[in-house]
Structures are given as structure tokens and as C-alpha cells.
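> below are the sequence and a predicted model; questions follow.
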Amino acid sequence: MTDVMTPEEIEAHFTRTDGQYLFARWQRPIVPVVFGVDDQTLEILKGAVEAGVALAGHQMAETDPELGVNLMFFFFREWDELIAVPDLGRMIPDLEPLVGRLKSADANQYRAFRFEENGAIRACFVFLRMDQALSKMPAESLALGQVVQSLLLWSDQAFATQSPLAVAEGHTILRPDIAGLIRAAYDPVMPVQSGDPTHALRLYARMQAGQT
């Protein structure tokens, strides 16, 4: 497994099914909160957030001055449980129709992003319905995978056929090429948002520079 993707592979990670290239990263410090897990899983997830933020060279904070928290993880058994969460409908527009669509699709996860005026990620809501498939995953793998998918605005198909994780010497790790891509995306010289496919070429150049 190589640590550097081709420009075409990078572009595919941010090209949506409608053909639009759309990239965004966080600008404000990340402040996570987790609902619906025990203390042990909570520590695992917070550790994964800290590791992901450190990889990106980004920052965390104790509180967001505007939002309080801005990266929210919700763990639950059935999608209908979300409708009963106080004030969630204010944060997630059209919550009930969304829950209906997710139930119809038998989905087990969903991420909703909010954005700054300049297009950077402002907040992310991660919803995980703990069905049989997710419940079988080790907590460390589930946490790392979800954090990775929350650090950037990936394509809706980015990890449809290949996980961002890999197994090395019996341990689940972040794929080296994905780690390199995240580091390149958070390089200070790179924009916080882009809808131009040539942005993938700049990411490729930063990944190449990181190998030297």
C-alpha cells in the first residue's frame, strides 16, 4: 500500500455522485460531545478525536464560543429515537423526513455538516444506529473510522468500496494514504474550502512534499 494517491484518486475522494467536486475542512477548534455510550466507549471516542486532530495539525478546545460544542456523536438503536431528542430538530432541518428516509434505506449511519460563511466546516453531527454490523465492530475501529469521516467533507462515495482503515500487525490503523491526505488537506497553505477539481492537484503536491 502506497502512502501517496494519484491526483485522480484524490479527486475521487471529494467528487460527489452528482459529479461536483466539493472539499471542506474545519477552521474553528473542534469541541466534541458524545451521547448514548458508556464511559469506556466515551474515552475511546474522545481519544480517537484527539488522535485525528493531532494528525491533521488542527486544534481542540473546551468550548465553542458560539455553539458550545460543534462535533456531536449520537449512538442509538432506532432512528425514531432521534425525533425525541430535545432541540435536535432545530439543529437538523426537516428531521422527521430525514429519519423516514434513513429508515427506508436501512441506513446505520449519517453525517450532517454545517458550514461557515467561507465554506469551512462549522459543525458536524454524526448519527450511528447500532445495528448488528456496527455492534460487531471493535469500539476503537468504529471510533477511528467515524472521526476520520468527520475531519473533512468527503465525497458521499469516498469509502463505499474501501474503508479508510487498515490492519497492521493485528491492530486497526488509519490507512497511510488517507493519513497523508488529511495532513495535506490541513496544510496552512491550503484553502479551507474548494469546489475546483484542480484543488486535488494541490493536495497531491502537498502529499508528495510530505514524503520528502
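Looks like it arrived, so ask away.
> please make it C-alpha for all contacts and neighbour counts, starting now.
OK.
> now the most centrally placed residue in the chain. Nearest residue, chain neighbours left out?
What sits nearest the mean C-alpha location of the chain, by Cα atoms, centre = their mean, is Ser150, with 1.6 Å. Among residues not flanking Ser150 along the chain, Cys124 sits closest, at 6.8 Å (Cα to Cα, 6 or more residues apart in numbering).
> hang on, the one you found packs against Leu67?
No. Judged on Cα atoms under 8 Å, Cys124 makes no contact with Leu67 at a distance of 11.4 Å.
> which one's more surrounded, the two?
Between Cys124 and Leu67, Cys124 has the larger neighbour count (other Cα atoms under 10 Å), namely 23 against 11.
> tell me the mean pLDDT over the strand or helix carrying that one?
Following DSSP states H and E, the helix or strand that holds Cys124 is strand 121-129. Across strand 121-129, pLDDT averages out at 97.
> what average pLDDT does the next helix or strand after it get?
The helix or strand immediately downstream of strand 121-129 is helix 132-136, counting by DSSP H and E. Averaged over helix 132-136, pLDDT sits at 93.
> who touches helix 132-136?
Helix 132-136 is contacted by residues 108, 142 when judged by Cα atoms under 8 Å, 6 or more residues apart in numbering.
> how about the CA coordinates for that helix, as PDB?
What follows is helix 132-136, C-alpha atoms only, in PDB (Å, rounded to 0.1, in the frame of the first residue of the first chain):
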ATOM      1  CA  GLN A 132     -25.700  -5.800  14.000                       C
ATOM      2  CA  ALA A 133     -22.900  -4.700  11.700                       C
ATOM      3  CA  LEU A 134     -21.800  -1.700  13.700                       C
ATOM      4  CA  SER A 135     -22.200  -3.500  17.000                       C
ATOM      5  CA  LYS A 136     -19.800  -6.200  15.800                       C
END
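> can you pull the buried residues of that helix?
By 16 or more other Cα atoms under 10 Å, helix 132-136 has no buried positions at all.
> run the chain-centre distance for that helix.
Relative to its chain's centre, helix 132-136 lies at 19 Å (Cα atoms, centre = their mean, to the nearest Å).
> next helix or strand past that helix?
Helix 132-136 is succeeded, C-terminally, by helix 139-151 (DSSP H and E).
> got the angle between the lengthiest helix in the chain and helix 139-151?
The longest helix of the chain (DSSP state H) is helix 39-56. Following axes from the mean of the first three to the mean of the last three Cα atoms, to 10 degrees, one obtains 40 degrees for the angle between helix 39-56 and helix 139-151.
> name the residues that touch helix 39-56?
The contact list for helix 39-56 (Cα under 8 Å, 6+ apart) reads 32, 34, 59-60, 139-140, 143-144, 147-148, 151, 179, 182-183, 185-186.
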